[in-house]
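Enquirer: I would like to see how this sequence folds:
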Amino acid sequence: MYPLLEINLSKLKQNIDALQKKCSEWMLEPVAVTKGFCADYKITDLLFDAGIRSFADSNLSNLLKLIDRFGNKAQYQLIRLPMKEEIEAIIENQIIPMVSQLEILNLFSEKAKQLHAQPSVILAIETGDGREGFLPEEVLENIKQIASLDHIAIIGIGTSLACLSGVLPQISTLEQLCSLRNQLKPIFHNPHLFVSVGGTTFFSLWEDYNHTPKVDQIRCGEAFLFGSDMSRKRNLSWLQQGAFHIEAEIVEIKSKKPDSSNRGFDAFGRVCEISCEKNYPRKRALVAIGLQDIDDTQLFFKDRNVTIVGATSNYLVLDCEESRHDFRIGDLVRFQAGYGTVLRAFLSPYIQKRYIE
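Expert: The predicted structure is shown next:
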């Protein structure tokens, strides 16, 4: 049945093994981020069997799914800031949250006291991306209040970059985090307070520099899934690409000329642009897959003479006027899939999964 997402488990295993080796050389603990594939057991089993014992996800439901699978044989981090209603479940399941608000730290401490527990917490630190995290000076200004929360254990500090604003990490980023860690260790009475960084964009600092400040963890998903670093539009030479492909069926082929008069916006409220450089009518193929299943900017077709015109909720539209291939109704088209497409495909109930060993 189509459309389908093909997952090459052999390539993923090669990437996981290579990642383990590199992290060992760089004295980093890899934390596998599973949100991009909804913590699918076929992939998480590969990670676990390879020796990965730390998992991270932005969805509590995925972490609970992993706990059902691996129990206390692994550690689990919630890397999306917790909602108030999740606090009790996080404590009861010994999940390690990243927290950036004093109010939430207080709620964790209060609930932990009620449950006779002492949950571990990572302080999220803002280092330039403009997303989640305490400002470093904010932590120091409120340090007495944080340290007074007896019912939680601050075990580390963590940051993320190149997620929202495309800010790239620098050596100074690590130096700032390590300096903050050293200031916090005696205050929290924790000589093992760790620094955790995310995501794949941080690997460049170990690739490019011989003496990198001592960081303990790197949280990543893109590296072992795609062998790439989107923040720099590059492939990682020590990893494999092409572990995920989308296949879908052509359901219409016709030459079309879109009407350029009296135009508004598309079904998603986007501005529609029609190239004036192309001669119309042009041969278009409609593929039975759409934005509810994939991200049309994260599909890569081998035939460079075929371009993606756009997508609606249920159709992907291809311009195949210049292609030498004689596309026909019922033909399957195959694309290498990037992060956005894989994420949506795992979420979509309309996409079949095919695993290649």
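
Enquirer: show me where the stretch 201-350 of the chain has strands.
Expert: For the stretch 201-350 of the chain, the strands defined by DSSP state E, counting those that start in this stretch cover 217-220, 228-229, 234-235, 244-256, 282-287, 299-300, 307-311, 316-319, 332-337.

Enquirer: may I see these arranged in TSV, with mean pLDDT as well?
Expert: Formatted as TSV, the strands of the stretch 201-350 of the chain follow (pLDDT from 0 to 100):
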stretch	mean pLDDT
strand 217-220	98
strand 228-229	97
strand 234-235	96
strand 244-256	97
strand 282-287	96
strand 299-300	96
strand 307-311	94
strand 316-319	97
strand 332-337	98
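
Enquirer: adding distance to residue 354, write these out as CSV.
Expert: For the C-beta atoms, the positions are set from N, CA and C on the backbone; glycine is no exception. As requested, the strands of the stretch 201-350 of the chain are exported to CSV (distance: least, CB to CB, whole Å):
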stretch, distance to residue 354
strand 217-220, 25
strand 228-229, 22
strand 234-235, 24
strand 244-256, 8
strand 282-287, 17
strand 299-300, 17
strand 307-311, 22
strand 316-319, 19
strand 332-337, 12
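
Enquirer: isn't residue 247 right up against residue 3?
Expert: Yes: here residue 247 lies in contact with residue 3, judged by CB atoms under 8 Å, at a distance of 6.5 Å.

Enquirer: before we move on, the earlier item: nearest to residue 149, of the strands of the stretch 201-350 of the chain?
Expert: strand 217-220 (22.7 Å; CB to CB).

Enquirer: can I get that closest one in CSV? Just the C-alpha atoms.
Expert: C-alpha atoms of strand 217-220 as CSV (Å, rounded to 0.1, in the frame of the first residue of the first chain):
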residue,chain,number,x,y,z
GLN,A,217,26.6,15.0,27.0
ILE,A,218,25.4,15.7,23.4
ARG,A,219,21.8,15.3,22.5
CYS,A,220,21.3,14.4,18.9
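
Enquirer: partner strands of it, parallel or antiparallel?
Expert: Note on strand 217-220: by DSSP bridges, its sheet partners are strand 29-33 (parallel), strand 194-198 (parallel).

Enquirer: tabulate these (a markdown table), appending distance to residue 39.
Expert: Formatted as a markdown table, the strands paired with strand 217-220 follow (distance: least, CB to CB, whole Å):
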| stretch | distance to residue 39 |
| --- | --- |
| strand 29-33 | 10 |
| strand 194-198 | 17 |
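
Enquirer: out of those strands, nearest to residue 291?
Expert: Set against residue 291 and scored by CB to CB, the strands paired with strand 217-220 come closest in strand 29-33, at 23.8 Å.

Enquirer: could you dump the closest one to CSV, C-alpha only?
Expert: Extracted in CSV, the C-alpha atoms of strand 29-33 (Å, rounded to 0.1, in the frame of the first residue of the first chain):
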residue,chain,number,x,y,z
GLU,A,29,27.8,10.6,26.3
PRO,A,30,25.4,10.5,23.3
VAL,A,31,21.7,11.1,24.2
ALA,A,32,19.5,9.8,21.5
VAL,A,33,16.7,12.2,20.6
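
Enquirer: who's more crowded, residue 247 and residue 3?
Expert: A count of neighbours by other CB atoms under 10 Å puts residue 3 above the other of residue 247 and residue 3, at 22 against 18.

Enquirer: these two touch, right, the more buried one and residue 299?
Expert: No: using CB under 8 Å, residue 3 is not in contact with residue 299, being 11.4 Å away.

Enquirer: how about the strands paired with strand 217-220 in JSON lines, adding mean pLDDT and distance to residue 237?
Expert: Listed next are the strands paired with strand 217-220 as JSON lines, based on pLDDT from 0 to 100; distance: least, CB to CB, whole Å:
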{"stretch": "strand 29-33", "mean pLDDT": "98", "distance to residue 237": "18"}
{"stretch": "strand 194-198", "mean pLDDT": "98", "distance to residue 237": "21"}
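
Enquirer: compare those strands and report which one is nearest to residue 183.
Expert: strand 194-198 (12.4 Å).

Enquirer: show residues contacting that closest one.
Expert: Strand 194-198 is touched from outside by 31, 33, 56, 79, 122, 155-161, 169, 173-174, 177-178, 181, 214-220, with contacts defined as CB atoms under 8 Å, 6 or more residues apart in numbering.

Enquirer: report the buried members of those.
Expert: Applying 16 or more other CB atoms under 10 Å to the contacts of strand 194-198, the neighbour count classes 31, 33, 56, 79, 122, 155-161, 169, 173-174, 177-178, 181, 215-220 as buried.
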